[in-house]
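Student: structure here, sequence nowhere to be found:
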């Protein structure tokens with residue numbers, strides 16, 4: 001075969017990561033705060049971008065809030081072209097129009113008029129100023145740290161060294177380790193959000209159970225775990241409960257100390273005689289007990305300093321509709337409204353003479369147009385994903401947190417005909433305001449457990465909830481083993497293996513059947529053998 005040279009034409013398709021596509025992907029995963037900061041930076045950098053002063057009304061349900069993108073896309077529409085040709089420089093002040101069209105003369109004449117060299121007045125060209133500002137701009141999101149790396153995973157860890165640890169973040173880190181069930185994490189995060197800067201919860205948590213649609217027993221169970229978090233005494237509902245938690249941590253909460261903690265008003269009145277009678281101790285013991293109380297921290301949350309309150313602004317609102325369904329709408333307050341000043345660009349095109357200036361303003365026009373289109377696409381994508389989540393998790397909004405369905409990114413992506421990575425970016429740092437509180441979008445994605453009768457799969461969170469209910473209701477004389485729990489779950493149509501039950505039980509920090517039998521029988525024996533005479537004893541430094 002002879003080797004020859006020849007020319008061939010081939011047509012092929014390939015996906016190219018253009019700067020505009022990278023910008024759209026970046027905007028999609030930004031939170032509303034980071035997006036606002038990014039848009040503010042673009043407004044300062046791009047002279048053809050401007051805020052929409054008189055924005056349209058808030059969008060109704062089912063209509064995407066485009067943040068001014070529909071109007072700004074008109075920069076290439078016939079409407080803007082007609083306005084530019086008919087009105088010319090309308091909308092500009094007459095003084096500015098005269099200044100733009102007037103011949104200022106030569107450089108020497110201008111310097112004589114200004115009585116100073118031009119370098120002192122116009123030291124830099126607009127393109128040079130924009131380039132310098134782009135280089136000196138402070139990164140606003142963690143994805144921009146890392147020496148200009150294009151990969152979002154490459155960021156500088158030193159940027160987080162000086163971050164202040166608040167009480168809420170400290171408790172949230174422990175919450176992620178303490179619970180694996182999504183329902184319990186939702187309840188725990190809701191309670192953590194209610195903790196004030198002193199570390200206290202409101203006295204009445206009945207509203208939390210009603211709002212979350214969860215039983216009061218589940219709220220109390222999660223609260224009991226939260227009260228074991230660091231610092232000791234946190235998540236208490238009163239001063240007595242706060243001191244009791246710290247005393248339990250020190251193994252000093254015996255009946256005499258309990259009587260003292262429950263009657264702190266007598267201690268405030270310095271009625272030592274009445275306290276001594278209630279506690280059943282002598283003068284020396286009551287003095288030691290009061291000394292121990294004074295060593296405790298009545299406000300454990302203050303050691304983290306003042307907490308800067310940061311309100312979570314939801315990106316999506318979910319409201320009940322008149323037909324019994326749910327209305328999903330975007331929060332127009334979180335959508336930046338920007339426009340492309342096409343008239344300004346038309347006027348500049350008439351006066352610009354330098355090729356470098358023409359290229360600069362052409363790039364500004366292109367970047368501004370791509371920005372408003374990316375904002376419009378971001379709003380539409382968030383609304384589409386949120387609507388599908390509400391449709392898939394209708395049971396949660398109607399009946400509560402225990403009715404979460406198994407859901408993954410692929411199910412939502414297939415339903416709205418998008419890629420899983422797009423859904424993943426949309427659900428990051430986005431919040432939804434519902435009738436049961438504000439939740440991050442990623443909380444609605446849970447694993448699935450197969451059905452024993454071939455029916456609809458069960459949510460892993462619902463299975464954990466069922467296991468916990470069975471164990472809580474078991475008879476101390478008839479403790480349920482893991483095999484027995486598997487049989488009862490299969491009787492309810494849940495096909496689950498024994499090792500999965502053991503894994504879920506250990507994740508919920510529930511001991512084995514042998515340890516539960518010992519604990520419950522021991523508690524029953526202590527309750528039967530307890531008597532009032534047991535509190536009348538001398539106190540040792542280390543109680544048994």
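Tutor: Received, thanks. In this text, all values refer to a predicted model and were calculated from it rather than measured experimentally.
Student: tell me how far residue 224 lies from residue 266.
Tutor: Residue 224 is 28 Å from residue 266, where distance means C-beta to C-beta, to the nearest Å. No exception for glycine: its C-beta is placed from N, CA and C like everyone else's.
Student: do the same with residue 7
Tutor: 101 Å.
Student: picking up where we left off before, which of residue 224 and residue 266 has more neighbours?
Tutor: Set side by side, residue 224 and residue 266 show more neighbours around residue 266, with 16 against 10, by other C-beta atoms under 10 Å.
Student: name the helix or strand for the more buried one, please.
Tutor: helix 264-268 (DSSP states H and E).
Student: how far off centre is that helix?
Tutor: Chain-centre distance of helix 264-268: 42 Å, with C-alpha atoms, centre = their mean, to the nearest Å.
Student: got the buried residues for it?
Tutor: Of all the residues in helix 264-268, those buried under the rule 16 or more other C-beta atoms under 10 Å are 266, 267.
Student: what's that helix packed up against?
Tutor: Under the contact definition 3 or more C-beta pairs under 8 Å, 6 or more residues apart in numbering; DSSP states H and E, helix 264-268 sits against helix 239-249, helix 272-279.
Student: tell me which of those lies nearest to residue 510.
Tutor: helix 239-249 (20.1 Å; C-beta to C-beta).
Student: buried set for the closest one?
Tutor: 240, 241, 242, 243, 244, 245, 246, 247, 249.
Student: where in the stretch 1-150 of the chain is pLDDT low?
Tutor: In the predicted model of the stretch 1-150 of the chain, residues 1, 53-150 satisfy pLDDT under 70.
Student: now do 90
Tutor: Judged by pLDDT under 90, the stretch 1-150 of the chain has its weakly predicted residues at 1-37, 42-43, 45-150.
Student: just the stretch 251-400 of the chain next, same as before
Tutor: For the stretch 251-400 of the chain, the ranges with pLDDT under 90 are 251-256, 263-291, 294-295, 299-313, 320-325, 332-373, 392-400.
Student: one more time with 70, if that's ok
Tutor: For the stretch 251-400 of the chain (pLDDT under 70), the answer is 305-310.
Student: helices along that one, start to end?
Tutor: Secondary structure of the stretch 251-400 of the chain (DSSP state H, counting those that start in this stretch): helices located at 255-261, 264-268, 272-279, 283-294, 342-351, 355-392, 394-399.
Student: can you add pLDDT and distance to residue 420 and give the buried residues of helix 239-249 back as CSV?
Tutor: Listed next are the buried residues of helix 239-249 as CSV, based on pLDDT from 0 to 100; distance: C-beta to C-beta, whole Å:
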residue, pLDDT, distance to residue 420
240, 91, 51
241, 92, 46
242, 92, 46
243, 92, 50
244, 92, 48
245, 93, 44
246, 92, 47
247, 91, 51
249, 90, 45
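Student: relative to residue 317, which of the helices of the stretch 251-400 of the chain is closest?
Tutor: Checking those against residue 317 by C-beta to C-beta gives helix 355-392 as the closest, at 9.3 Å.
Student: now that closest one: how far from the chain's centre is it?
Tutor: For helix 355-392, the distance to the chain centre is 23 Å (C-alpha atoms, centre = their mean).
Student: check which residues of it are buried.
Tutor: 360-361, 364-365, 367-390, 392.
Student: then stretch 424-437?
Tutor: 424, 425, 426, 427, 429, 430, 431, 432, 433, 434, 436, 437.
Student: which two of those have the greatest separation?
Tutor: With distances taken as C-beta to C-beta, the most widely separated pair in these is 425 and 436, at 25.0 Å.
Student: residues near the nearest residue to residue 242 once chain neighbours are set aside, how many?
Tutor: Nearest-residue entry for residue 242: residue 236, 3.6 Å, with adjacent residues in sequence omitted and distances by C-beta to C-beta, 6 or more residues apart in numbering. Residues contacting residue 236 under the criterion other C-beta under 10 Å number 25.
Student: tell me which stretches of the stretch 351-500 of the chain form strands.
Tutor: 431-434, 437-440, 448-449, 458-459 (DSSP state E, counting those that start in this stretch).
Student: count of residues packed around the residue lying closest to residue 408 once chain neighbours are set aside?
Tutor: Nearest non-adjacent residue to residue 408, counting by C-beta to C-beta, 6+ apart: residue 445, 5.9 Å away. Other residues within reach of residue 445, judged by other C-beta under 10 Å, total 20.
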